[in-house]
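**Q** The following block contains a protein sequence and its predicted model.
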Amino acid sequence: METITIGLLGLGTVGQGVVTLLQKQAAKISRTQNFRFKLKRVAVRNLAHHQTAELPVGTILTDKITDVTDDPEIQIVVEAMGGVDVAKVAICQAILNKKSIISANKDLLATAGEEILQLAKTVGVDFFYEASVAGGIPILRVLSSSLETDQITQITGIINGTANYVLTAMEREQQAYVTALKNAQKLGYAELNPTNDVQGIDATYKLIILSRFAFGQSLALTDIPHQGITTISPAQLASANRLGLKIKLLAVAKEVNQQLFSFVGPAAIPATEPLAHVNGVQNAIAIQSNALGETTYTGPGAGAHPTANSILSDLLVTGNNIVKGICGHEFNRYRKPSAAQSLTTVPQQYLITIEDTKIEPSVLANLCQFTWQQQVTGEHYWSGLTPVISATTLTTLLDSLKHQGQQPHYVPLSNSWQMAS
């Protein structure tokens with residue numbers, strides 16, 4: 001039986017999960033494959049922090065990345081260190097040394113993925129990154145294999161567990177955003193610096209990767225309008241509930257007439273839709289396609305074992321390719337350029353909320369002059385659901401409310417985007 005030698009960069013939550021799962025599943029891998037894995041080296045930033053790490057017998061712990069990237073015996077490098085600059089240098093060096101790469105680094109994939117993919121293809125090694133999007137949901141392989149013959153028209157995802165946990169806590173426990181975020185940090189669901197998660201940047205990076213697989217389009221961060229959840233209030237969530245809606249941080253890409261419309265931000269979802277019931281740190285991705293209609297994939301979006309499981313799935317594919325001598329095929333070969341467009345510019349419905357301890361009757365009278373589809377009034381808020389309106393009409397409406405001394409908040413309705421076909 002052939003032995004395939006692995007090197008690991010990083011021994012944090014994901015890295016340790018990979019080590020644990022490699023050892024736990026070693027016997028099963030040997031029974032189901034015609035090879036076995038050997039973890040030879042693990043590179044960490046600080047040796048002192050990992051002296052008690054439970055590594056396989058014979059595995060070498062080092063604080064030099066080049067001990068992994070330059071070792072001639074290592075055939076696959078698993079990158080679990082995170083970050084962009086150092087990780088990119090390490091991965092490129094390993095590729096140039098003819099090592100296949102497995103990564104969970106969505107920031108790197110979104111910003112420098114095309115460059116690294118081209119290098120891997122030129123050198124003739126594998127570069128897989130299933131774990132970079134939605135942790136334990138094998139969505140990239142679904143898109144590149146199971147749905148390869150279908151025509152995908154839209155992807156809608158809840159793909160940031162931190163934001164979803166915070167919104168769930170705010171809704172269920174009527175917590176303020178700051179309180180919900182602090183609790184998420186205490187529980188380990190949010191980083192000490194949660195900016196990328198709560199500002200929608202993390203979800204945008206993941207949507208960039210998903211769009212390459214689903215639509216063959218390489219979007220840039222600047223192509224996707226993105227905003228976070230920092231201004232969402234319990235009043236907005238409560239009014240949405242009364243209107244049969246749930247507010248979630250969504251990542252959306254929709255293709256119409258060779259134009260790819262995208263958006264990342266809070267949106268109101270009808271409670272009848274599956275995504276409305278995805279709570280806590282769970283992730284979910286709904287795919288609309290011509291052949292299958294709508295299919296929804298749910299599961300844990302992060303964590304040591306779900307992410308490590310996706311990494312091991314990539315390792316098995318790469319291991320088989322090494323044994324067969326067929327490394328170098330692209331993970332995603334689909335290319336179909338489309339014009340990048342913003343979903344925020346198309347006509348759609350909006351949930352508009354005004355918060356106040358007491359809303360004056362004259363203000364409500366002025367609000368009612370607009371043709372609202374539905375309205376609700378709570379103890380400290382008023383909310384209205386607009387018909388489908390243009391971005392210009394929305395701006396005019398918001399300006400009118402501001403002139404009356406109000407501070408309106410709004411989110412789009414997720415199923416209301418109107419594009420001419």
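**A** Received the coordinates, thanks.
**Q** which residue ranges form the strands in the stretch 301-421 of the chain?
**A** Counting by DSSP state E, counting those that start in this stretch, the stretch 301-421 of the chain has strands at residues 339-342, 350-355, 374-377, 381-385, 409-412.
**Q** can you redo the ones you listed as TSV with distance to residue 142?
**A** Every C-beta, even on glycine, is put in place using the N, C-alpha and C of the backbone. Converted to TSV, the strands of the stretch 301-421 of the chain look like this (distance: least, Cβ to Cβ, whole Å):
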stretch	distance to residue 142
strand 339-342	24
strand 350-355	31
strand 374-377	36
strand 381-385	34
strand 409-412	27
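**Q** a markdown table please, covering the ones you listed and showing mean neighbour count, mean pLDDT and distance to residue 207.
**A** Formatted as a markdown table, the strands of the stretch 301-421 of the chain follow (neighbours: other Cβ atoms under 10 Å; pLDDT from 0 to 100; distance: least, Cβ to Cβ, whole Å):
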| stretch | mean neighbour count | mean pLDDT | distance to residue 207 |
| --- | --- | --- | --- |
| strand 339-342 | 15 | 94 | 12 |
| strand 350-355 | 23 | 94 | 21 |
| strand 374-377 | 15 | 90 | 30 |
| strand 381-385 | 22 | 92 | 26 |
| strand 409-412 | 21 | 96 | 16 |
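**Q** How is the protein partitioned into domains?
**A** 2-128, 139-300+338-342, 344-412 (automatic domain parsing).
**Q** Can you add distance to residue 322 and give those domains back as JSON lines?
**A** Listed next are those as JSON lines, based on distance: least, Cβ to Cβ, whole Å:
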{"stretch": "domain 2-128", "distance to residue 322": "6"}
{"stretch": "domain 139-300+338-342", "distance to residue 322": "18"}
{"stretch": "domain 344-412", "distance to residue 322": "46"}
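**Q** Go through the ones you listed and name the closest to residue 308.
**A** If you check each of the domains of the chain against residue 308 by Cβ to Cβ, domain 2-128 wins as the nearest, at 3.4 Å.
**Q** circling back to that earlier point, now for the strands of the stretch 301-421 of the chain, which one comes closest to residue 303?
**A** The nearest among the strands of the stretch 301-421 of the chain, by Cβ to Cβ, is strand 409-412 at 28.3 Å.
**Q** and the closest one, what other elements does it pack with?
**A** helix 234-242, strand 259-270, strand 350-355 (3 or more Cβ pairs under 8 Å, 6 or more residues apart in numbering; DSSP states H and E).
**Q** The stretch 251-400 of the chain: helices as residue ranges?
**A** Ranges of helices in the stretch 251-400 of the chain, per DSSP state H, counting those that start in this stretch, are 304-324, 361-367, 391-403.
**Q** and residue 229, which of the ones you listed is closest to it?
**A** helix 391-403 (19.3 Å).
**Q** Show me what that closest one is packed against.
**A** strand 350-355.
**Q** Each with direction, which strands does the strand it packs on pair with?
**A** Paired with strand 350-355 in the same sheet, following DSSP bridges, are strand 381-385 (antiparallel), strand 409-412 (antiparallel).
**Q** what's the angle from the strand or helix carrying residue 210 to strand 259-270?
**A** Here residue 210, judged by DSSP states H and E, is contained in helix 201-215. Put simply, helix 201-215 runs at 120 degrees to strand 259-270, going by axes from the mean of the first three to the mean of the last three Cα atoms, to 10 degrees.
**Q** thinking again about what came up before, would you turn the strands paired with strand 350-355 into CSV with distance to residue 309?
**A** Supplementary listing: those in CSV, determined by distance: least, Cβ to Cβ, whole Å:
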stretch, distance to residue 309
strand 381-385, 41
strand 409-412, 34
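**Q** Indicate which one of those is closest to residue 178.
**A** Of those, nearest to residue 178 by Cβ to Cβ is strand 409-412, at 16.4 Å.
**Q** pull the CA atoms of the closest one into CSV?
**A** Coordinates of each C-alpha in strand 409-412 appear next as CSV, following Å, rounded to 0.1, in the frame of the first residue of the first chain:
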residue,chain,number,x,y,z
HIS,A,409,-34.0,51.7,8.7
TYR,A,410,-34.6,49.4,5.8
VAL,A,411,-33.8,46.0,4.5
PRO,A,412,-34.8,44.4,1.1
